[in-house]
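Visitor: Everything below, folded, please.
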Amino acid sequence: MKEKRQRAILDIIANHMIETQEQLLARLNENGFDVTQATISRDIKELRLYKRVDRTGKTRYAVSGAADEGAMQPAVAATAPSGPAI
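Guide: Numbering: from 1, shown residues only. Okay, here's the model as predicted:
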């Protein structure tokens, strides 16, 4: 069931603009998956999904490492602390 649900999540992310976990939950429910927000949160972490900013300035879930034509930049950028390397 988990693999099937996670495949469905990847398909939904690829074919729809999903900005929130609530939107993803609704799409999964429409596809016959009865899941909780906590389950979706775990799936997002396991699938290494993240949010990107698209050309319209909206954030959407994306698959790590996947090419996304509508994406311009990560919504959250990691930075290294300044100072000398140890």
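Visitor: I'd like the next helix or strand past the one helix or strand residue 10 maps to.
Guide: Following DSSP states H and E, one finds residue 10 within helix 2-15. Of the helices and strands lying after helix 2-15 in sequence (DSSP H and E), the nearest is helix 21-30.
Visitor: Tell me the span between the first and last residue of stretch 53-61.
Guide: Start and end residues of stretch 53-61 are separated by 9 Å (CA to CA, to the nearest Å).
Visitor: hmm, back to that, so which elements touch the helix holding residue 10?
Guide: For helix 2-15, the packing partners by 3 or more CB pairs under 8 Å, 6 or more residues apart in numbering; DSSP states H and E come out as helix 21-30, helix 37-46, strand 59-63. The way it works is simple: take the backbone N, C-alpha and C, and place the C-beta from them, glycine included.
Visitor: On the pLDDT front, check the residue nearest to the spatial centre of the chain for me.
Guide: Closest residue to the average C-alpha location of the chain: residue 61 at 3.1 Å, with CA atoms, centre = their mean. On pLDDT, residue 61 comes in at 96.
Visitor: My read is that it contacts residue 27, right?
Guide: No: between residue 61 and residue 27 there is no contact under CB atoms under 8 Å: 10.9 Å.
Visitor: which neighbours do these two share?
Guide: Common neighbours of residue 61 and residue 27 (criterion: CB atoms under 8 Å, 6 or more residues apart in numbering): residue 18.
Visitor: follow-up on the earlier one: could the helices and strands packed on helix 2-15 go into JSON lines alongside distance to residue 3?
Guide: Shown next, in JSON lines, are the helices and strands packed on helix 2-15 (distance: least, CB to CB, whole Å):
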{"stretch": "helix 21-30", "distance to residue 3": "14"}
{"stretch": "helix 37-46", "distance to residue 3": "11"}
{"stretch": "strand 59-63", "distance to residue 3": "16"}
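Visitor: Most tightly packed of those?
Guide: strand 59-63 (a mean of 20; mean count of other CB atoms under 10 Å).
Visitor: Which other helices and strands does that one contact?
Guide: Strand 59-63 packs on helix 2-15, strand 49-54, going by 3+ CB pairs under 8 Å, 6+ apart.
Visitor: Among these, which comes closest to residue 39?
Guide: Across the helices and strands packed on strand 59-63, residue 39 has its closest neighbour in helix 2-15 (7.9 Å, CB to CB).
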